[in-house]
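S.K.: take this sequence and fold it.
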Amino acid sequence: MKFRGSSIEYAMELKDLTLAQGVSGCEDEVRELIRADVQDYVDELFEDSLGNLIAIRGRGNRTIMLGAHLDEIGLMIVCIEKDGFLRFRPVGGIDQRVLLTKRVRIGEGQIPGVIGALPPHLDKDQNKVVDLKTMYIDIGSTSKKASEKLVSVGDYAVFDMGYYEDNSKIFAKALDDRVGCFILTELIKRDFPGRVAYLFSVQEEVGLRGASIMSDRLTPDVFISVEATGSGDYPDKDSEPGRPRLGEGPAITVTDRSLIVPQDLVDLMVDCAEKRGIPYQFKRPMIGGTDAGRISISREGVKCGVVAVPVRYIHSPIGCVLKKDIEATTKLLVELVHRLLGDK
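M.R.: Model (predicted):
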């Protein structure tokens, strides 16, 4: 995959990563795609007991680790009603306002369904936001017995929104954080003058769980979380000054709810961008959290930072990302890893 006008050839297809099913706790399909793509380029490749995939390339006294999470938000079936409808609960944080009439695929059989609720012409209060507890998934069944032949309680449902790409942009589900995984698969194929580890973590969206156990296996000198962050460039809202915008490059985190990034690391990232003429911005407001927050307080403590690609509509069934932001983020991380290894 080569972005138009880009000097970077991406071997992995972002389309494949976004279309794969990988709701938190069920990341196998995404992990196996990445394993197949990177296994010939690394010196070590292993999976831990929770499902994190760790790849290591190169040798040296210092270890720089980059991380992105495999999992995506989604739904879990919690009840099959007598009339065949499926009740569900969210896995991860989801904006319930945008769920109605969205297509989903359920379980290993990839059973198609659509999210529904009482139609507005039958609802006395047509202007209210429909509560998630009153929604259901319709798979076209008319009885519990018929539905039970297709799905089971505990099955995951993943959004079925397709994939669209043109010369400048991509619309897809799960850009948080398949875009980070995509960038890491490109970096793995590069030679760096030292030891670089790559963490593809699980269950980030439900409490940074994968990162919680990773440090028991490998403690890096520096960890950089490669994320997707929500943009703030919407037409009907006064944008907060400094809120990330599409087209203005990677967003560098200074602090969020889980992490205070050391100032010298922030300064280094800024210097990398400015010396290479790479556009960048800062993440604002200071909300959310990433795997970096959890890893920063592991063992004796790890210096951590976050670089994120701005994406519209994260934590919803579909998002929008610009290719030039993906490329700028990749370039910044290449420069940053070289500098952290003392190469430049």
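S.K.: does residue 163 touch residue 174 like I think?
M.R.: No: with the criterion set as CB atoms under 8 Å, residue 163 and residue 174 do not qualify as a contacting pair; they are 10.2 Å apart. (C-beta placed from N, C-alpha, C; glycine too.)
S.K.: okay, and the common contacts of these two?
M.R.: Shared contacts of residue 163 and residue 174, defined by CB atoms under 8 Å, 6 or more residues apart in numbering, are found at residue 18.
S.K.: more crowded one of these two?
M.R.: When neighbours are counted by other CB atoms under 10 Å, residue 163 and residue 174 differ, and residue 174 comes out ahead with 29 against 15.
S.K.: what bridges to the residue nearest to that one when sequence neighbours are not counted?
M.R.: Using CB to CB, 6 or more residues apart in numbering and skipping residues adjacent in sequence, the residue nearest residue 174 is residue 72, 3.9 Å away. Applying DSSP bridges to residue 72 gives these bridge partners: residue 23.
S.K.: dump the residue contacts of residue 72.
M.R.: Contact analysis of residue 72 by CB under 8 Å, 6+ apart lists 22, 23, 24, 92, 158, 173, 174, 176, 177, 178, 205.
S.K.: quick one: mean pLDDT for the helix or strand harbouring residue 333?
M.R.: Assigning secondary structure by DSSP states H and E places residue 333 in helix 323-340. Per-residue pLDDT values over helix 323-340 give a mean of 98.
S.K.: helices or strands up against it?
M.R.: Of the remaining helices and strands, those touching helix 323-340 by 3 or more CB pairs under 8 Å, 6 or more residues apart in numbering; DSSP states H and E are strand 63-69, helix 175-188, strand 222-230, helix 263-275, strand 303-311.
S.K.: mind saving the C-alpha coords of it as CSV?
M.R.: Once non-C-alpha atoms are left out, helix 323-340 reads as follows in CSV (Å, rounded to 0.1, in the frame of the first residue of the first chain):
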residue,chain,number,x,y,z
LYS,A,323,-3.4,9.6,4.9
LYS,A,324,-1.1,12.5,5.3
ASP,A,325,-1.5,12.3,9.1
ILE,A,326,-0.6,8.6,9.1
GLU,A,327,2.5,9.3,7.0
ALA,A,328,3.6,12.3,9.2
THR,A,329,3.2,10.1,12.3
THR,A,330,5.3,7.4,10.8
LYS,A,331,8.0,9.8,9.9
LEU,A,332,8.0,11.4,13.3
LEU,A,333,8.3,7.9,15.0
VAL,A,334,11.2,6.9,12.7
GLU,A,335,13.1,10.0,13.7
LEU,A,336,12.2,9.6,17.4
VAL,A,337,13.4,6.0,17.6
HIS,A,338,16.7,6.9,16.0
ARG,A,339,17.2,9.8,18.5
LEU,A,340,16.2,7.6,21.5
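S.K.: the bottom helix or strand of the chain by mean pLDDT?
M.R.: In the chain, the helix or strand scored least confidently by mean pLDDT, DSSP states H and E is helix 209-214, which has a mean of 86.
S.K.: so how far is stretch 43-63 from its chain's centroid?
M.R.: Relative to the chain's own centre, stretch 43-63 is displaced by 20 Å; criterion: CA atoms, centre = their mean, to the nearest Å.
S.K.: re earlier: a markdown table for the helices and strands packed on helix 323-340, including distance to residue 42 and mean neighbour count?
M.R.: Converted to a markdown table, the helices and strands packed on helix 323-340 look like this (distance: least, CB to CB, whole Å; neighbours: other CB atoms under 10 Å):
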| stretch | distance to residue 42 | mean neighbour count |
| --- | --- | --- |
| strand 63-69 | 13 | 26 |
| helix 175-188 | 6 | 26 |
| strand 222-230 | 17 | 26 |
| helix 263-275 | 24 | 15 |
| strand 303-311 | 21 | 26 |
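S.K.: nearest to residue 57, out of the ones you listed?
M.R.: Taking CB to CB, helix 175-188 is the member of the helices and strands packed on helix 323-340 nearest to residue 57, at 6.3 Å.
S.K.: pLDDT of that closest one, averaged?
M.R.: For helix 175-188, the mean confidence score works out to 97.
S.K.: swap in stretch 134-143?
M.R.: In this model, stretch 134-143 carries a mean pLDDT of 96.
S.K.: follow-up on the earlier one: distance from the chain centre to the least confident helix or strand of the chain, please.
M.R.: If you compare the mean C-alpha spot of helix 209-214 with that of the full chain, they lie 16 Å apart, counting by CA atoms, centre = their mean.
S.K.: secondary structure class of residue 219, three-state.
M.R.: Here residue 219 is recorded as coil under DSSP: H, G, I helix; E, B strand; the rest coil.
S.K.: residue ranges of the helices in the stretch 1-150 of the chain, please?
M.R.: 14-19, 28-38, 144-148 (DSSP state H, counting those that start in this stretch).
S.K.: okay, those, which one's buried deepest?
M.R.: Scoring the helices of the stretch 1-150 of the chain by mean neighbour count under mean count of other CB atoms under 10 Å gives helix 14-19 as the most buried, with a mean of 22.
S.K.: what lies in contact with it?
M.R.: Residues from elsewhere that reach helix 14-19, judged by CB under 8 Å, 6+ apart: 1, 30, 33-34, 163, 165, 170, 172-175, 178-179, 181-182, 326.
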